[in-house]
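A.B. asks: predicted model and sequence below, questions to follow.
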Amino acid sequence: MLTLRFKLIIAIMTFSFSLCLGQDWERKINKYTIEELYGSAPAENGDIISVGNGKDSNNGDESSFLIVRTHANGDTLWVKKITGNSAYDVIRTLDGNFAFAGSYQNESVWGKFDQNGDILWTKKSGIQKRNGASFIREDKEGNLYLGGNIYSEANSSMDLHLIKTNINGDTIWTRTTGTKENEFAATMKKVSDGVVLAGYSIIAHYNAAGDLIFSKEHKLKDAYFSYIKGIELTKDGNYMAACSTFYLNKGIFLTLMKIDQNGDTLWTKTHQDQILSTYSMTTAYDSNFVVICSVNWGADQLNSMIKIDQNGDTLWTKIFYGSPRKISYADGYFIVSGSYSFGQPENITDMYLLKVKDDSDPQILNISTSTNENERFQIYPNPSNGLMYIDSDLKLEESLITITNMHGIEVYQEQISLEKGIIEVPGLSNGTYQLQVKQGDNNYNRLIIIQK
């Protein structure tokens, strides 16, 4: 039986339009003339917090940092504009706030804001050369990792740049790795002992102390280029990378690459359908993967959401509009952030959000005694490394928490008072589990995924 530690933690136009797949909803949000979302995170009550950039080109505005809160049903609640920064990623932190990564005047910027979009603090790298942060992750102590780029004078190119900070945003250490070519940060994954940061052709694994575990260059034979755009953990503890691969006289294709814990390639699989680009990748509840790409669809340029299994084979493909930047997964839904210019006047770009049900995820079904109450009970992040935040406005005093594996074997049970807080189960191995909160005659069930 595992021991679980519990701690309390303390004028917008929105349009809806049809889609080629069974989505929950799709929205474009118009506030300024040119605007785009770069990332999203779950908020309280099933809402979504997104960050991006926008400007009013008619007034000669400089690009500014945007924070958007969207209701669980897709309605825009508010948009806040923060002058002087650009934001490229956001996460919900264990204290219930949000952390963002971005840049300002060629300098990495990061900070935190609350559920109302009010800035709590911001920090800058202080490095006097071109650098910027594109990704942000958090560990169980609340430390932050920022992945991005920095200019290398020795190579006259961009290198990968990693910053670790404490919970207050103060820098603990910085690390740089690169090649003689431009290595723009394309994806970053939090793992149990640190982070994995990938550029166009290299993958670097740093532990929590900043030690380099490996830095490996990955180039496909006969390919003119192969850019890594997503990396996730596999069931067996290795990595799956999604790449845009270009072959001369053939075109661009999606390539899946399995990489071991030493950074060496185990196998590659290139899909036969031509694409225009790969953008992002996430993991679904069943430990398979979803990749988003842009594709030619007749005379139009549209986008595809492709579900990939552990062997790199396609399970399904679905088409959607918008120009995606990132895809994330939470509570049985895929969230795509990006921009929308389809059918728009020239130089007009709107913010774009897409929420799609993962129909293979039982946790989106009505498995509590009340559908409304089930929607008010959230666990994030999910997948997690064993540290999860429970958010509910239900009265769950003296609730019985039970965790079972997929064979029905109970691995944890405890009577506990619970409203909002953190649960930590570091002894769970990678896999899918059912977490049940029982209070009287009511049961609230969620599937949780452990990925370390």
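C.D. replies: Cool, got the structure.

A.B. asks: please parse the chain into its domains.
C.D. replies: Annotated domains of the chain cover 16-362, 376-450 [automatic domain parsing].

A.B. asks: among the ones you listed, which is the most enclosed?
C.D. replies: Highest mean neighbour count of the domains of the chain: domain 16-362, a mean of 19 (counted as mean count of other C-beta atoms under 10 Å). (Glycine included, C-beta is placed from N, CA and C.)

A.B. asks: what about it, distance to the chain center?
C.D. replies: Remark: domain 16-362 is offset 6 Å from the chain centroid, using C-alpha atoms, centre = their mean, to the nearest Å.

A.B. asks: least confident of the domains of the chain, on average?
C.D. replies: Of all the domains of the chain, mean pLDDT reaches its minimum on domain 376-450 (a mean of 72).

A.B. asks: all helices for the stretch 251-400 of the chain, in order.
C.D. replies: Assigned by DSSP state H, counting those that start in this stretch, the helices in the stretch 251-400 of the chain fall at 371-375.

A.B. asks: check contacts around residue 428.
C.D. replies: 2, 386, 403, 411, 450 (C-beta atoms under 8 Å, 6 or more residues apart in numbering).

A.B. asks: ok, the third one to residue 446 distance?
C.D. replies: Computed with C-beta to C-beta, to the nearest Å, the distance linking residue 403 and residue 446 is 10 Å.

A.B. asks: the second one now?
C.D. replies: Distance check for residue 386 against residue 446: by C-beta to C-beta, it reads 15 Å.

A.B. asks: what's the end-to-end length of stretch 165-172?
C.D. replies: End-to-end distance for stretch 165-172, by C-alpha to C-alpha, to the nearest Å: 5 Å.

A.B. asks: what's in contact with it?
C.D. replies: Under the criterion C-beta under 8 Å, 6+ apart, residues 95, 110-112, 121-123, 125, 141-146, 163-164, 210 lie in contact with stretch 165-172.

A.B. asks: so what pairs up with residue 308 in the strands?
C.D. replies: Using DSSP bridges, the bridge partners assigned to residue 308 are residue 289, residue 314.

A.B. asks: who's in contact with it?
C.D. replies: Residues in contact with residue 308 (C-beta under 8 Å, 6+ apart) are 240, 242, 256, 288, 289, 290, 291, 314, 315.

A.B. asks: now the most centrally placed residue in the chain. Nearest residue, chain neighbours left out?
C.D. replies: Residue closest to the mean C-alpha point of the chain, counted by C-alpha atoms, centre = their mean, is residue 328 at 4.1 Å. Excluding the flanking residues, the one nearest residue 328 by C-beta to C-beta, 6 or more residues apart in numbering is residue 335, at 5.1 Å.

A.B. asks: isn't that neighbour right next to residue 355, touching?
C.D. replies: Yes: if you go by C-beta atoms under 8 Å, residue 335 and residue 355 touch, sitting 5.7 Å apart.

A.B. asks: quick one: common contacting residues for those two?
C.D. replies: Here residue 335 and residue 355 share the contacting residues residue 48, scored by C-beta under 8 Å, 6+ apart.

A.B. asks: what are the ranges of the strands in the stretch 151-300 of the chain?
C.D. replies: For the stretch 151-300 of the chain, applying DSSP state E, counting those that start in this stretch gives strands covering 157-165, 171-177, 187-191, 194-198, 202-207, 212-217, 225-233, 239-247, 251-259, 265-275, 277-283, 289-297, 300-308.

A.B. asks: chain neighbours aside, what residue packs nearest to residue 259?
C.D. replies: Closest to residue 259 by C-beta to C-beta, 6+ apart is residue 239, at 4.3 Å.

A.B. asks: hang on, isn't the one you found packed against residue 231?
C.D. replies: Yes: using C-beta under 8 Å, residue 239 is in contact with residue 231, at 5.6 Å.

A.B. asks: where do the contact lists of those two overlap?
C.D. replies: Shared contacts of residue 239 and residue 231 (C-beta under 8 Å, 6+ apart): 189, 196, 203, 259.

A.B. asks: contact partners for the third one?
C.D. replies: By C-beta under 8 Å, 6+ apart, the contact set of residue 203 is 196, 197, 214, 215, 216, 218, 228, 231, 239, 241, 259, 263.

A.B. asks: tell me which residues touch residue 88, please.
C.D. replies: Residue 88 touches 38, 39, 51, 101, 102, 103, 132, 133, 134, 135, counting by C-beta under 8 Å, 6+ apart.

A.B. asks: go again with 6 Å.
C.D. replies: 38, 101, 102, 134 (C-beta atoms under 6 Å, 6 or more residues apart in numbering).

A.B. asks: which among those residues gets closest to residue 399?
C.D. replies: Distance ranking of the contacts of residue 88 against residue 399, using C-beta to C-beta, places residue 101 first at 35.4 Å.

A.B. asks: so where does that closest one fall, helix or strand?
C.D. replies: strand 98-103 (DSSP states H and E).

A.B. asks: remind me what that strand packs against, helices and strands.
C.D. replies: Strand 98-103 sits against strand 86-92, strand 108-113, strand 131-138, with contacts defined as 3 or more C-beta pairs under 6 Å, 6 or more residues apart in numbering; DSSP states H and E.

A.B. asks: try it again at 10 Å.
C.D. replies: Packing contacts for strand 98-103, counted by 3 or more C-beta pairs under 10 Å, 6 or more residues apart in numbering; DSSP states H and E, involve strand 34-42, strand 48-55, strand 64-70, strand 86-92, strand 108-113, strand 119-124, strand 131-138, strand 144-152.

A.B. asks: pairing partners for that strand, with directions?
C.D. replies: strand 86-92 (antiparallel), strand 108-113 (antiparallel).

A.B. asks: quick one: those as a markdown table, columns for distance to residue 378 too.
C.D. replies: Converted to a markdown table, the strands paired with strand 98-103 look like this (distance: least, C-beta to C-beta, whole Å):
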| stretch | distance to residue 378 |
| --- | --- |
| strand 86-92 | 10 |
| strand 108-113 | 19 |
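
A.B. asks: right, so of the ones you listed, which gets closest to residue 77?
C.D. replies: Closest of those to residue 77 is strand 108-113, at 14.6 Å (criterion: C-beta to C-beta).

A.B. asks: now do that closest one against strand 157-165, angle only.
C.D. replies: On the basis of axes from the mean of the first three to the mean of the last three C-alpha atoms, to 10 degrees, strand 108-113 is oriented at 30 degrees to strand 157-165.

A.B. asks: tell me what angle strand 108-113 forms with strand 119-124.
C.D. replies: For strand 108-113 against strand 119-124, the angle by the same axes, to 10 degrees is 170 degrees.

A.B. asks: and the angle from strand 108-113 to strand 144-152?
C.D. replies: Using the same axes, to 10 degrees: strand 108-113 against strand 144-152 is 160 degrees.

A.B. asks: just the CA atoms of strand 108-113, as CSV, please.
C.D. replies: Extracted C-alpha coordinates of strand 108-113, given in CSV (Å, rounded to 0.1, in the frame of the first residue of the first chain):
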residue,chain,number,x,y,z
SER,A,108,14.0,35.7,-22.0
VAL,A,109,11.0,36.7,-19.7
TRP,A,110,9.0,34.6,-17.3
GLY,A,111,6.5,35.2,-14.6
LYS,A,112,3.3,34.3,-12.8
PHE,A,113,-0.3,35.6,-12.9
